[in-house]
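Asker: Fold the following and give me the result.
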Amino acid sequence: MVTTTGKTRYRRFEDDLKVLVDKLSEDVNSDVKKKLEILKKRLIKLYHDNLVKINHSVMELICAKSLLTRGYDVDLERALDMDFVCDVFAEKGEGVLIIEVETGYTPPDHALDPSRYNEARISSKIARYSSYSNKFALATPIYNILQIPEILGKPPRYRSKREVLKVKKLCDVYYTRPPITVQQIREAKLQSIYIIDVDRASTREIDPETYQELASTIRSTLA
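Answerer: I've put the predicted structure just below:
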């Protein structure tokens, strides 16, 4: 039984996505508009099943628009296997791009170790999800700073054993079912970072090296 409060919440979710999709559709062709509507309906269904949240869904749709206008076929909340569901799954030709959206939310259980927790979370996402695609990217809102270990911004061939084991040790503190393997960390790939401006419903793609330089500059002001 859906309560009045529940119905109001569902209606708000649907209304917010409608406003967003209308905004995203202002400067695209009819084919992209149709595909955005399909993705919106999918997210609404998932929300009714309590499988997605509004902030995350909004960012997925903004990323989807960027990819659709570049000729990708896009799916949201795509199951990769029995254990993992990725946020944005995009195909063009024989290539697959996966984008994982990080909103910056930290669970209350990690109120005292948010940076370490998020570094482990990001590391595990890159290590686990990038193996399912030709290209892997992270997306985050403009007001959040991703805690990406320096070595995961490098090509795999430049990662030392010591650096890999350091990331492995961090991941093992937070993720043990299943654990992140040394091989997953060594072979993980990260090609891009998508910076999401939710207010303007737009994205900007930059390379990991540039992103880490910007993040390092911000952190150094707090040292």
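
Asker: Please enumerate the helices of this structure.
Answerer: Counting by DSSP state H, the chain has these helices, from start to end: 4-24, 30-48, 54-68, 114-129, 161-174, 182-187, 208-220.

Asker: Could I get those helices in JSON lines, plus columns for distance to Lys92?
Answerer: Glycine gets a C-beta too; all of them are placed from N, C-alpha and C. Converted to JSON lines, the helices of the chain look like this (distance: least, CB to CB, whole Å):
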{"stretch": "helix 4-24", "distance to Lys92": "19"}
{"stretch": "helix 30-48", "distance to Lys92": "13"}
{"stretch": "helix 54-68", "distance to Lys92": "8"}
{"stretch": "helix 114-129", "distance to Lys92": "18"}
{"stretch": "helix 161-174", "distance to Lys92": "30"}
{"stretch": "helix 182-187", "distance to Lys92": "23"}
{"stretch": "helix 208-220", "distance to Lys92": "21"}
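
Asker: Can you tell me which of those helices has the worst average pLDDT?
Answerer: Within the helices of the chain, the stretch with the lowest mean pLDDT is helix 208-220, showing a mean of 85.

Asker: you'd agree Val198 is up against Cys63?
Answerer: No. Counting by CB atoms under 8 Å, Val198 does not reach Cys63; the two are 11.1 Å apart.

Asker: of these two, who's got more company?
Answerer: The neighbour count for Val198 versus Cys63, taken as other CB atoms under 10 Å, is higher for Cys63 (23 against 16).

Asker: what residues are up against the more buried one?
Answerer: Under the criterion of CB atoms under 8 Å, 6 or more residues apart in numbering, the neighbours of Cys63 are 87-88, 99, 101, 139, 194, 196, 203.

Asker: Next, format those as TSV and append distance to Ile122, pLDDT and neighbour count.
Answerer: Shown next, in TSV, are those (distance: CB to CB, whole Å; pLDDT from 0 to 100; neighbours: other CB atoms under 10 Å):
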residue	distance to Ile122	pLDDT	neighbour count
Asp87	14	98	23
Val88	16	98	26
Ile99	13	98	28
Val101	12	98	24
Ala139	12	98	24
Tyr194	14	98	21
Ile196	16	98	25
Thr203	18	97	20
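
Asker: Pick the one among those closest to Lys161.
Answerer: Ile99 (29.3 Å; CB to CB).

Asker: partners of the closest one in the sheet?
Answerer: Note on Ile99: beta-bridge partners by DSSP bridges are Val88, Ala137.

Asker: how far away is the residue nearest to Leu51 when sequence neighbours are not counted from Asp15?
Answerer: Of all residues not flanking Leu51 in the chain, Glu77 sits nearest, at 7.1 Å (CB to CB, 6 or more residues apart in numbering). Between Glu77 and Asp15 the distance, using CB to CB, to the nearest Å, works out to 20 Å.
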